[in-house]
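K.L.:
fold the following and give me the result.
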Amino acid sequence: MATSNSRAAGSRVGAPAKAKQMGSAAERYRDRGQQGATNTHLATAADLRSFEEFCKEHGLKPYPASLSTLSDYVAYLADKPRKLATIQRHVASIQRQHRLRRLKSAGGTPAFLDVMQGIARTLGTKQKQAPAFSVEHLKSCIKALDLNTTAGLRDRAILLLGFAGAFRRSELVGIDLEHMELDPEALVIRLGRTKTNQTGAAEEKVFFYAQDELFCPIRAYLDWLHQLDGRTTGPLFVGLSKSHTKGQGKLTMQRLSAKSVNTIVGRHLGVDSNKQRYTAHSFRSSFITTAKLAGQNNDFIRNQTKHKTDAILARYTRLDNVKAYNAGKALGL
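P.N.:
Modelled structure (predicted):
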């Protein structure tokens, strides 16, 4: 009986240890889920460094952050001044860190929300948005490219695929040749993990042939592909050696950076009528605005952009020129 009881006791002792181990495994997945996308994780780390340095400088305890500490920090950011969206991101990063540490935060209290509301009223809620370019402007910029050069062929492919695919710059530079599938009807690019698709579920962007080969995203892809000397794996878009002359540089195997895409867009597309520079984010706003003006419904648009809701889609639509885009023109008077 004593032996039996010992075995039973041993089983009971062993069970909690196993449960604890399983709990730790679950916690790892939970922590990874709360970290979010890679870019989000990097931004969170920078936000936390800023917050912790502020607390150290002022002799405050960062975790858990008291109401006065958190309020003083966001007031400090507002006085710099920082954009409202930036301050909200800092708060979200601090809140996430509290959750990971299983600490209570004052971030959701009515008193703190009052502070944030006051900041919102002071700074305003309108965010600076990437401008949308027209198809005509894009075509004129592509006509100006020197397609006898390696750089010209690469940049043409970036501009046309970026626009026609409504790409984020991180998605565009993340394309590998293995992701491409061409058939007589269309070109399909299969995406891996993206900012809004952290599970890696299959997502596709589709490109169709254009009447004019100069502006055809598929032809631009094929012309660039010929520059890769038969390579069938690895990054689609790569850099050029710095020693290149007039765009005829030696291709590297180094994946093009997201920052480089921004530089390429700004170099070729320039600025809009308000002197606001086009960026890689203009690919998405331009695709959505162009599609809306062409009468495409939101379901069709989201098939390419991969936005989850119409509300998010609406943030990218640049139809705020009340004279150019107004239903008052269609009243028949």
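K.L.:
please parse this protein into its domains.
P.N.:
If you go by automatic domain parsing, the domain ranges for the chain are 25-123, 135-314.
K.L.:
using TSV, lay out these together with mean neighbour count and distance to Asn326.
P.N.:
Placement of C-beta: from N, CA and C, glycine included. Compiled in TSV, the domains of the chain are given as follows (neighbours: other Cβ atoms under 10 Å; distance: least, Cβ to Cβ, whole Å):
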stretch	mean neighbour count	distance to Asn326
domain 25-123	15	28
domain 135-314	16	13
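K.L.:
using TSV, lay out the ones you listed together with mean pLDDT.
P.N.:
Below are the domains of the chain laid out as TSV (pLDDT from 0 to 100):
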stretch	mean pLDDT
domain 25-123	86
domain 135-314	89
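K.L.:
so can I have CSV of those showing distance to Gln129?
P.N.:
Converted to CSV, these look like this (distance: least, Cβ to Cβ, whole Å):
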stretch, distance to Gln129
domain 25-123, 11
domain 135-314, 7
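K.L.:
tell me where the protein has strands.
P.N.:
Counting by DSSP state E, the chain has these strands, from start to end: 180-182, 186-191, 203-208, 238-240, 251-255.
K.L.:
any chance of the ones you listed in TSV, plus distance to Cys55?
P.N.:
Putting the strands of the chain into TSV (distance: least, Cβ to Cβ, whole Å) gives the following:
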stretch	distance to Cys55
strand 180-182	49
strand 186-191	39
strand 203-208	40
strand 238-240	40
strand 251-255	37
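K.L.:
if we can go back for a sec, Tyr325: which of the domains of the chain is closest?
P.N.:
Nearest to Tyr325 among these is domain 135-314 (7.8 Å), distances taken as Cβ to Cβ.
K.L.:
between the two ends of that closest one, how far is it?
P.N.:
The first and final residues of domain 135-314 sit 20 Å from each other (Cα to Cα, to the nearest Å).
K.L.:
tell me the contacts of the nearest residue to Val91 once chain neighbours are set aside?
P.N.:
Once flanking residues are discounted, Val91 sits nearest to Gly107: 5.8 Å by Cβ to Cβ, 6 or more residues apart in numbering. Taking Cβ atoms under 8 Å, 6 or more residues apart in numbering, we find Gly107 in contact with 65, 70, 91, 94-95, 98.
K.L.:
how far away is Gly107 from Ala330?
P.N.:
Distance of Gly107 to Ala330, given as Cβ to Cβ, to the nearest Å: 47 Å.
K.L.:
cool, Thr44 as well?
P.N.:
Taking Cβ to Cβ, one finds Thr44 at 46 Å from Ala330.
K.L.:
give the contact list for the residue nearest to Pro131 when sequence neighbours are not counted.
P.N.:
Once flanking residues are discounted, Pro131 sits nearest to Asp272: 4.4 Å by Cβ to Cβ, 6+ apart. If you count contacts by Cβ under 8 Å, 6+ apart, Asp272 has them with 131, 133, 278.
K.L.:
one more time with 10 Å
P.N.:
Asp272 sits next to 130-134, 137, 278, 282, 318 when contact means Cβ atoms under 10 Å, 6 or more residues apart in numbering.
K.L.:
with Tyr63 instead?
P.N.:
48, 51-52, 55, 69, 94, 97-98, 100-101, 103, 105.
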